[in-house]
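In: compute the structure for the input listed below.
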Amino acid sequence: MEQSTGQGAQPAVEVTLRRFTLADVDAMMAWASDPLAAAPCRWEPYTSTELLLAYLRDAVLPHPWFRAICLAGDDRPVGAISVSPTEDGCRAELGYVLARAHWGKGVATAAVRRALAQVFGEVEGLLRVEALVDVPNAASQRVLQKAGFTREAVLRRYCVLKGKVKDMVIHSFISTDAVLLD
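Out: This next block holds a predicted model:
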């Protein structure tokens, strides 16, 4: 959904979001086993299809809003996006991961925009979607800003991620913000 301006403009990226199925496990391994794709995530790279299949069955399928990111015209997932409820029913946390082959092409931004366009209508009482990003992860911060999120603050020494204390940037999108679909 992003477009570059000027000479050599790229066409808008079109994505679809759909529920996962167990048949998606092999496509998921493309990013779930990649140490670079998993680096900013809470989970470690998967080393076997069997472990990923168990995660897909036990966590992804029953999750209220966990979707496969697919390029338009292709039903094969190239990433995942989730909106997870918090203890406060009006807030949820956004998370996403994308196969490295699709980084820097506008796919993540298009997926975040599509998720925002859908989730407020599907999750009763949802008013705010938050995203926490490790301070050095500038690319993910750009994705959120291009998708219409507001950068709110740096949360110093906010969490332990993979054994290291991290400063996190919190971004938010509220239900009255305009979803930027091209």
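
In: average pLDDT for the top helix by length along the chain?
Out: Using DSSP state H, we find that the single longest helix of the chain is helix 107-122. Helix 107-122 comes out with an average pLDDT of 95.

In: what residues sit buried inside that helix?
Out: 107-116, 119-120 (16 or more other Cβ atoms under 10 Å). All C-beta atoms are positioned from the backbone trio N, CA, C, and that covers glycine.

In: stretch 171-182 now?
Out: Neighbour counts over stretch 171-182 (16+ other Cβ under 10 Å) mark 171-173, 177, 179 as buried.

In: on that earlier part again, and the longest helix of the chain, how far out from the chain middle?
Out: Taking Cα atoms, centre = their mean, to the nearest Å, the mean C-alpha location of helix 107-122 is offset from the chain mean by 9 Å.

In: same check, this time on stretch 31-42
Out: Remark: stretch 31-42 is offset 12 Å from the chain centroid, using Cα atoms, centre = their mean.

In: and if you look at stretch 164-180?
Out: Distance of stretch 164-180 from the chain centroid (Cα atoms, centre = their mean) equals 12 Å.

In: with stretch 111-123 instead?
Out: Distance, centroid of stretch 111-123 to centroid of chain: 11 Å (Cα atoms, centre = their mean).

In: look up the residues forming beta bridges with the nearest residue to Val160 once chain neighbours are set aside.
Out: The shortest distance from Val160 to any non-neighbouring residue, by Cβ to Cβ, 6 or more residues apart in numbering, is to Lys166 (7.2 Å). Listed by DSSP bridges, the beta-bridge partners for Lys166 are Cys159.

In: great, nothing more from me.
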